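[1] Based on what follows, work out the 3D shape:
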Amino acid sequence: MQEQKSSINNLALAFLAGIIIPGGGYLYLGKKYRGIISFIIVTTFSLIGFMLLGSYFVPRGELSNPELFGALKILSVFIEGFNGLVFWISVFLFSGFQAPPEFDEIGGTYILVAGILNILIIFDNYDIVKGKKS
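    All right, here's what the predicted structure looks like:
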């Protein structure tokens, strides 16, 4: 019983660390190099997205259905939330800038990819805590 409770605590802390700092879950689990590499990759993608003035996904053309737009907007905000503290600081500091549509999509794609990468990293932390991989 104690081992299962410890596993749940480790999982929760690794999850929170991974959301706050990309690769933080690895650092918490003692995987220093994986944590540093994950932080560099996710943060670089996120910052490139901001340098290209990316923003949230905005469906255009055939995808401009209002219901679909709302669902995709919520999904993109959820995914971008996994970019970590650097992303949220950047949102706070640079929220007033507006990019031309061609840069908006490219930058937004980088930000989405960074969020998806961090989600995959968090799933990998889950496998490590559960003993499915080392």
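
[2] Just give me the neighbour total for residue 70.
    11 (other Cβ atoms under 10 Å). For the C-beta atoms, the positions are set from N, CA and C on the backbone; glycine is no exception.

[3] for the record, mean pLDDT for the host helix or strand of it?
    Taking DSSP states H and E as the criterion, residue 70 maps to helix 66-80. Averaging pLDDT along helix 66-80 gives 78.

[4] which residues touch residue 84?
    19-22, 24, 42-43, 46, 118 (Cβ atoms under 8 Å, 6 or more residues apart in numbering).

[5] So for the residues you listed, which is the shakiest by pLDDT?
    residue 46 (86).

[6] Please tell me I have it right and that residue contacts residue 112.
    No: counting by Cβ atoms under 8 Å, residue 46 stays clear of residue 112, with 9.9 Å between them.

[7] between the two, who's got more neighbours?
    More neighbours surround residue 46 than the other of residue 46 and residue 112, with 27 against 22 (other Cβ under 10 Å).

[8] what bits of the chain have low per-residue confidence?
    Scanning the chain for pLDDT under 70 picks out 1-6, 8, 55-65, 94-104.

[9] Could you identify the longest helix within this protein?
    helix 101-129 (DSSP state H).

[10] what's the angle between that helix and helix 66-80?
    Helix 101-129 runs at 60 degrees relative to helix 66-80, counting by axes from the mean of the first three to the mean of the last three Cα atoms, to 10 degrees.
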